[in-house]
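A.B. asks: Fold the following, please.
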Amino acid sequence: MIDPLQRLRCPHCREGKLVPVEGALRCLTCAKISALENGIAALVADFGAHATELERARTINPLWYVEEQLPEATSPWRHHLKKRRLYVEKLLGNELKRRGTAKVPALLDLGCGDGNNLKWLSVYAETSYGCDYNLVRLARARAQNPQATIFLADILDFPAFDGSFDIIFFNHVIEHIRDDVRALQTVKRLLAPDGLLVLGTPNEGAGWWQFAYRRDPRSMETTDHVHFYTAETLTARMRAAGLVIEEVHHMGWGPPDWKLDGRIRKYKLVDDAFEWIGRALLPRQASSLYVAARPASVA
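C.D. replies: The predicted structure follows:
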């Protein structure tokens, strides 16, 4: 197994490899230092500006990016989250069979948050990585995933070499990124030539969930989502970024009411009933989208 740092590059010169020095990482090319903040590598070119931007966002909603992300076992949507996980595990299991291996060399949870998903994703890779935009969640991710390489990063200026990752899990993140095509181009750059992207996002461009927003205008004012995708709009942007779509999957149906949805879908029978009826009658109006894709160069 290679040193996990060998896949990461200097956020300052974007060329050099990183080596540990006391309390920090140093670039072998430009010699600049990337700090360790509470033991987590802060791989952004200007950490002060990065922190200021997060504080600006919290003036809109103090809980953005810091409130705890409930794990599958305790979430009101635990049955839906389990369906998501089982679907992704099926994709990853098939990928390992295709490759004829028990694990891929490297997997990245891009925007890992509290690290809840990284706990089960890590079994598919020899080396697992988790990154996010803020240290509060990264501290939780590191506590849950001591085996993984956890670091702070900006997706639009990502501190890793081209082709570094065999699998990238990009889950419910892209709807927060204004320049989504550029983010997807970053994903393409980071994927190995035969790598697999598994991307999840809300299906909030669908009429069913747009109706939920119209019923509760306050929810539109307080959301930090900047994109509201359908399968068509999402896959068009993925193709524009140079990705080849292999599979699109809709999952999760519920009432078009944000509060009621969480209250009643915590019951398995209710969640299963909505899933069965929704898949039969409203197949494009699911709450979640998942897309599997690869770099266009392998098409």
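
A.B. asks: Could I get the full set of strands for the stretch 1-150 of the chain?
C.D. replies: Using DSSP state E, counting those that start in this stretch, the strands found in the stretch 1-150 of the chain span residues 18-21, 24-27, 33-37, 40-42, 104-110, 125-132, 149-152.

A.B. asks: mind listing what G16 touches?
C.D. replies: By CB atoms under 8 Å, 6 or more residues apart in numbering, G16 lies in contact with R9, C10, C27, L28, T29, C30. In short, each C-beta sits where N, CA and C put it, glycine included.

A.B. asks: Now that we have those residues, which of them are buried?
C.D. replies: R9, C10, C27 (16 or more other CB atoms under 10 Å).

A.B. asks: thinking R26 is in contact with V19, fair?
C.D. replies: Yes: R26 is within contact range of V19, at 5.7 Å (criterion: CB atoms under 8 Å).

A.B. asks: ok, those two, which is more surrounded?
C.D. replies: Under the neighbour definition other CB atoms under 10 Å, R26 and V19 were set side by side, and R26 has more, 17 against 12.

A.B. asks: So what pairs up with T201 in the strands?
C.D. replies: L289 (DSSP bridges).

A.B. asks: Output the contacts of G16 in TSV, with pLDDT and distance to R142 appended to each entry.
C.D. replies: TSV is the format used below for these (pLDDT from 0 to 100; distance: CB to CB, whole Å):
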residue	pLDDT	distance to R142
R9	97	21
C10	98	21
C27	97	23
L28	97	25
T29	98	27
C30	98	27
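
A.B. asks: So which of these is the closest to T127?
C.D. replies: Set against T127, the nearest of the contacts of G16 by CB to CB is R9 (15.9 Å).

A.B. asks: sorry, back to before: lowest mean pLDDT across the strands of the stretch 1-150 of the chain, which one is that?
C.D. replies: Among those, strand 33-37 carries the lowest mean pLDDT, at a mean of 92.

A.B. asks: where exactly do the helices run in this structure?
C.D. replies: Here the chain has its helices, by DSSP state H, at 47-60, 78-99, 118-121, 135-144, 180-190, 207-215, 217-222, 231-240, 258-264, 268-281.

A.B. asks: for the last one, packing partners?
C.D. replies: When contacts are defined as 3 or more CB pairs under 8 Å, 6 or more residues apart in numbering; DSSP states H and E, helix 268-281 packs onto helix 78-99.

A.B. asks: List the buried residues of the helix it packs on.
C.D. replies: Of the residues in helix 78-99, R78, H79, H80, L81, K83, R84, Y87, V88, L91, L92, E95 count as buried by neighbour count, 16+ other CB under 10 Å.

A.B. asks: Looking at the residues you listed, spot the one nearest I155.
C.D. replies: Looking across the buried residues of helix 78-99 and measuring by CB to CB, the closest to I155 is V88, at 19.6 Å.

A.B. asks: Need the nearest residue in space to that closest one, chain neighbours excluded.
C.D. replies: Leaving aside its chain neighbours, V88 sits nearest to V198 (5.7 Å; criterion: CB to CB, 6 or more residues apart in numbering).

A.B. asks: Could you check how far the one you found is from A51?
C.D. replies: 30 Å (CB to CB, to the nearest Å).
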